[in-house]
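Peer 1: Provided below for reference: sequence and predicted model.
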Amino acid sequence: MFSAQIVANGLILGCLYASIAAGFSLVWGVLNIINLLHGSFIVLGAYLAFYAQRELGIDPFAFAPLAGVALFGLGLIVQKLAINRVLGRPVLLTLTLTFGLNLAFGDAMIEAFSADYRKVNLTHDFGLLTLPGVVLPLDRVAVAAESLAITALLWLLLRFTKLGRTIVAVRMDGEAASLMGVKTAGVFALAFAIAAFTAGASGALLAVIFPISPLMAAGYLGKSFVVCILGGLGSVPGAIAGGLMLGLVESASSAVFGPAYTTTVSFVLLLLLLYVRPGGMFGRKSFA
Amino acid sequence: MNKSKVLGPWALIVALVLVAVGIAVDGGPYWIRLATTFAMYGALALSWNIIGGMAGYPSFASAAFFGLGAYTGGILITHGWPLAAAVLGAAVLTGAVAALLGLLVLHLRGHYFAIASLMITEAFREIANNAGDLTGGGMGLTLPMAAGDALSQARLFLFAMALCCVGAAVACVLISRARLGVALRCIAQNEAAALTIGIDVRRAKNLAFAYSSCFAGAAGAVYAAWVGYIDPNDVFDIMLAVKPLVMVLLGGAAVWVGPLVGALVFIAFEELVWRNMLHFHSGLLGLFIALLVIYFPGGLAGLSGWFGARWRRLGLTSSRSVA
């Protein structure tokens, strides 16, 4: 079952899933809000890359950081206008709020871009890398590498910069952090915006491999969920581990059960994990 | 004792039933359809109220159980069962499945429980999509039509759906006044404290989850028979989980009046505003939900001014708001 090709496919996919979910995990861990808009942010990043490539001729690989910056601004706006007002409120309210915003956002995207599937056509062909037993399309390898780089950048930010340590401090204990003089409101806004950055950049990279449509947002959101539950909340290594695991599981199940059941398998896995170890592999052992 | 508190609830139930009968007898097809939709929303909102309003567990599984009931009822009807038996069977099966699933997910709190309930809906939808032999898969399930002409069929389904709604309302009242209701309210306030005073928290939550799903399942079965064709995306639609929630937020988690009033306001908005918009339909609904959560989390009871004060003085809303 675990032939080298399946493992390779799974790892490549896993890197992408890791970068999709890293921002989602950050928002959940720091603001304690499940950001149902995350999928839409990813799709918006993908659309920006698509239009940049079609109108301006910019390669998605080069455009990814720019898409991230655009989403950073959008994330700041959304956070200031809406999310900020429900911080600390019960799950019901925050989840419903982001659900409503996502509904509006998704519909706006359908109005703006139409629900037709789009595809980015790369100008130059990357070719294949043929190793014994494994065939790797190089464009996918490039996507995996760049998304892993973005995730690693996030980890470096959180670990070695003052801003990152502040975010981690707020995640650990918001009240203690504010007692230490941290302006938690600003930190929340920045964390949300950084998560939106990673969503936008990953979305731009996704556009290279997958077709783009507003209807795909829910799928990416679901995968982010699974990765977070697999790997634990609020930690980038957890997101990477969870992403790689999900990639491997999907690749293997696709080979064994067929591609149609991939989503079912990941959801069943999610339910089982929620029952056995909700904190994820790297998270605290708790369900709250 | 405040007269409205004693007579109020039952008088209102009787009034609603009379209105339903009036519509069934006099109204044209549009009003019958509208009333049936209102009864469906009311049943869903009231059933969500049991687990979400009383127990405080933010469940997004209404869609899962609605769909399960729809498919169960649909499959039973295609095998020749009469409507009443099929709806009852659907309700019982949904309740049993919910009780089993409750063992799996009810120990989770907050976000994790919400996600798990969402995932249940997705998992059910995928199963319905893939179990083609039983459910017709992505092509959907077509039900045989009921006997009689269109108008009497419409009345039959209005009656059936109204029965589900009234059943859910009566269940809410009975649960609220029984020990289960007390247990649920304690759990909603502080689950750990409820445990320490000796409440069987697991059993209470499981019962609430099962009762809540019964009525959603029954409504689903009636919906399947009413519409005559169901498919996974239709009956496992996440909106069916979010709309009841929004209705209860609107009306307040009162024992049974809140959800019904919320359903009424919601359906009024739906008919007057969203149904007339071809383009930004769900977007506007999304904005409505977002604005509701930001500015009116207390629903009607949270309104300042004359209306809010009168609403609170009626004593129909619970002292603890959903939010």
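Peer 2: Yes, it's here. Everything quoted here is computed from the prediction, not taken from an experiment. Numbers count the residues shown, from 1 in each chain, chains lettered A, B, ... in the order given.
Peer 1: SS state for the closest residue to chain B within the stretch 151-288 of chain A?
Peer 2: In the stretch 151-288 of chain A, the residue found nearest to chain B is A:Thr264; the distance is 4.1 Å by C-beta to the nearest C-beta. Just so you know, the C-beta spots here come from the backbone N, C-alpha and C atoms, and that holds for glycine as well. Counting by DSSP: H, G, I helix; E, B strand; the rest coil, the backbone at A:Thr264 sits in helix.
Peer 1: what about B:Ala268, neighbour count?
Peer 2: The number of residues packed near B:Ala268 is 12, by other C-beta atoms under 10 Å in any protein chain shown.
Peer 1: circling back to that earlier point, where's the residue of the stretch 151-288 of chain A closest to chain B relative to A:Gly219, distance?
Peer 2: 13 Å (C-beta to C-beta, to the nearest Å).
Peer 1: and the one helix or strand A:Ala104 maps to, what other elements does it pack with?
Peer 2: Assigned by DSSP states H and E, A:Ala104 falls within helix A:91-113. Under the contact criterion of 3 or more C-beta pairs under 8 Å, 6 or more residues apart in numbering or on different chains; DSSP states H and E, helix A:91-113 touches helix A:38-51, helix B:110-130, helix B:239-251, helix B:281-295.
Peer 1: return the residues in contact with the residue of the stretch 151-288 of chain A closest to chain B.
Peer 2: B:123, B:126-127, B:130 (C-beta atoms under 8 Å, 6 or more residues apart in numbering or on different chains).
Peer 1: run the last query once more with 6 Å
Peer 2: B:Glu126 (C-beta atoms under 6 Å, 6 or more residues apart in numbering or on different chains).
Peer 1: which residues of the stretch 151-300 of chain B lie near chain A?
Peer 2: Selection of the stretch 151-300 of chain B residues close to chain A by C-beta under 6 Å from any C-beta of the partner chain yields B:242, B:280, B:282-283, B:286-287, B:289-290, B:293-294, B:297.
Peer 1: could these go into a markdown table alongside distance to B:Phe159, pLDDT and neighbour count?
Peer 2: Output for these, formatted as a markdown table (distance: C-beta to C-beta, whole Å; pLDDT from 0 to 100; neighbours: other C-beta atoms under 10 Å in any protein chain shown):
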| residue | distance to B:Phe159 | pLDDT | neighbour count |
| --- | --- | --- | --- |
| B:Val242 | 28 | 91 | 21 |
| B:Phe280 | 36 | 81 | 16 |
| B:Ser282 | 31 | 83 | 16 |
| B:Gly283 | 35 | 87 | 21 |
| B:Gly286 | 34 | 90 | 23 |
| B:Leu287 | 36 | 91 | 18 |
| B:Ile289 | 31 | 89 | 25 |
| B:Ala290 | 37 | 91 | 23 |
| B:Val293 | 35 | 87 | 26 |
| B:Ile294 | 39 | 88 | 18 |
| B:Pro297 | 36 | 77 | 20 |
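Peer 1: next, give me the two most distant ones among the residues you listed.
Peer 2: B:Phe280 and B:Pro297 (24.2 Å; C-beta to C-beta).
Peer 1: report the buried residues of the helix of greatest length in chain A.
Peer 2: Criterion DSSP state H: the longest helix present in chain A is helix A:4-31. Within helix A:4-31, the residues that count as buried by 16 or more other C-beta atoms under 10 Å in any protein chain shown are A:6-31.
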